[in-house]
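Engineer: Requesting a structural model of the entry that follows:
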Amino acid sequence: MNHERDYHIKHLELIQGVINRQAQNSFAVKGWSLTLSAGILTYLLSQSASNLAHPAAYFIVVFPALTFWLLDGYYLRQERLFRCLYDEIRRTIGVEVPTREIFTMDTTPYKAHVRYWRGALWGKTVWLIPAMIVAASIVLFLTSNHP
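Structural biologist: Predicted structure coming up:
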């Protein structure tokens with residue numbers, strides 16, 4: 001029985017590693033989104049001083065912000081699915097579950113309980129940064145010196 005408990009603990013460690021990677025991916029996506037958007041906006045602002053940038057170019061920033069927003073929502077959903085798996089394994093420590101594969105990483109049984117990844121897009125930590133980027137792009141467009 002002690003070996004069974006050790007297997008459960010190791011399984012939990014594996015799942016926790018995946019959860020940590022999903023959270024790290026989400027953090028990296030937010031960083032890339034801010035960096036890329038700031039770079040594009042800085043370039044456009046430097047160009048509009050010499051009237052080389054078309055005013056509509058400010059909306060180029062919206063595309064990467066939305067793309068990273070979708071990716072962040074995907075990572076959040078994956079993290080939630082693995083948290084469900086983690087919770088099930090945690091609850092069954094010491095209980096024999098004959099139908100489950102040992103060290104399974106299959107999250108399919110939880111997909112019905114965790115909203116689709118598009119639902120994760122509206123989490124507070126997911127939509128705020130892209131919304132700020134889009135708002136900044138709109139403000140800069142409206143205040144830029146365009147002909």
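
Engineer: Longest helix of the protein, counting residues only.
Structural biologist: With secondary structure taken from DSSP state H, the chain has its longest helix at helix 2-48.

Engineer: hang on, Y58 packs against L142?
Structural biologist: No - checked against C-beta atoms under 8 Å, the pair Y58 and L142 is beyond contact range at 9.1 Å. C-beta here means a position set from N, CA and C on the backbone, and glycine is covered the same way.

Engineer: Give the residue from those two that has the larger number of neighbours.
Structural biologist: More crowded of Y58 and L142, by other C-beta atoms under 10 Å: Y58, with 23 against 10.

Engineer: Who's the closest spatial neighbour of the more buried one, skipping the chain neighbours?
Structural biologist: For Y58, ignoring the flanking residues on the chain, the nearest one in space by C-beta to C-beta, 6 or more residues apart in numbering is F141 at 4.1 Å.

Engineer: any idea which helix or strand carries that neighbour?
Structural biologist: For F141, the host element (DSSP states H and E) is helix 124-143.

Engineer: Now do that helix and helix 2-48, the angle between them.
Structural biologist: Going by axes from the mean of the first three to the mean of the last three C-alpha atoms, to 10 degrees, helix 124-143 is angled at 0 degrees with respect to helix 2-48.

Engineer: Can you list the neighbours in contact with helix 124-143?
Structural biologist: Helix 124-143 is contacted from outside by 26, 30, 33-34, 37, 41, 44-45, 55-56, 58-59, 61-62, 65-66, 68-69, 72-73, 76, 120-121, using C-beta atoms under 8 Å, 6 or more residues apart in numbering.

Engineer: Packing partners of the lowest-mean-pLDDT helix or strand in the chain?
Structural biologist: One helix or strand of the chain scores below all others by mean pLDDT, DSSP states H and E: helix 117-120, with a mean of 74. Contacts defined by 3 or more C-beta pairs under 8 Å, 6 or more residues apart in numbering; DSSP states H and E place helix 117-120 against helix 62-91.

Engineer: Just the angle for the helix it packs on relative to helix 2-48, thanks.
Structural biologist: Per the same axes, to 10 degrees, the angle that helix 62-91 makes with helix 2-48 is 170 degrees.

Engineer: Can you list the buried residues in helix 62-91?
Structural biologist: Buried residues in helix 62-91, counted by 16 or more other C-beta atoms under 10 Å: 62, 64-65, 68-69, 71-86, 89.
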